[in-house]
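Novice: just to be clear, the model below is a prediction. Sequence and coordinates:
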Amino acid sequence: MIGKDVMNKEKTHHLPEEEDIALLDDIYTLLLINDDHNTFEFVIETLMELCHHTYEQAFQCAFITHNHGKCDVMHGAYSKLEPIANTMLNRGLTVKIVL
């Protein structure tokens with residue numbers, strides 16, 4: 001038997017709050033794609049500098065990229081990821097911004 005408190009609950013609807021709307025800006029992913037040109041150390045240093053990864057995070061991303069062909073290294077608004085992606089591309093890394 002359903003208790004009275006469950007049966008009497010009203011469904012409430014709310015308008016999206018600023019925090020909810022802000023989350024929509026963070027839906028893009030910066031993917032690092034494996035290549036045969038860059039060293040692990042170069043990739044690690046670049047991820048630490050541009051994506052603000054710790055050494056451990058950068059190492060794991062480089063390792064995943066090497067073994068699986070790609071790794072998501074950062075999430076955020078397109079406007080935040082684009083300059084980082086462009087810098088990585090200019091340094092010879094292969095990256096892609098995806099939804």
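Specialist: Sure thing, it's come through. Numbering: from 1, shown residues only.

Novice: in the protein, what residue spans correspond to strands?
Specialist: With DSSP state E as the criterion, the chain has strands at 28-33, 70-76, 94-98.

Novice: any chance of the ones you listed in JSON lines, plus mean pLDDT and mean neighbour count?
Specialist: For glycine as for every other residue, the C-beta is placed from the backbone atoms N, C-alpha and C. As requested, the strands of the chain are exported to JSON lines (pLDDT from 0 to 100; neighbours: other C-beta atoms under 10 Å):
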{"stretch": "strand 28-33", "mean pLDDT": "98", "mean neighbour count": "18"}
{"stretch": "strand 70-76", "mean pLDDT": "97", "mean neighbour count": "18"}
{"stretch": "strand 94-98", "mean pLDDT": "98", "mean neighbour count": "15"}
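
Novice: could you export those as a markdown table, including distance to Tyr55?
Specialist: Below are the strands of the chain laid out as a markdown table (distance: least, C-beta to C-beta, whole Å):
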| stretch | distance to Tyr55 |
| --- | --- |
| strand 28-33 | 16 |
| strand 70-76 | 14 |
| strand 94-98 | 20 |
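
Novice: pLDDT below threshold where in this protein?
Specialist: Along the chain, the model assigns pLDDT under 70 to residues 1-25.

Novice: determine which residue lies closest to the centroid of it.
Specialist: Note on the chain: the residue nearest the mean C-alpha position is His75, at 2.4 Å, using C-alpha atoms, centre = their mean.

Novice: that residue against Leu30, yeah?
Specialist: Yes. With contact defined as C-beta atoms under 8 Å, His75 counts as touching Leu30 (7.4 Å).
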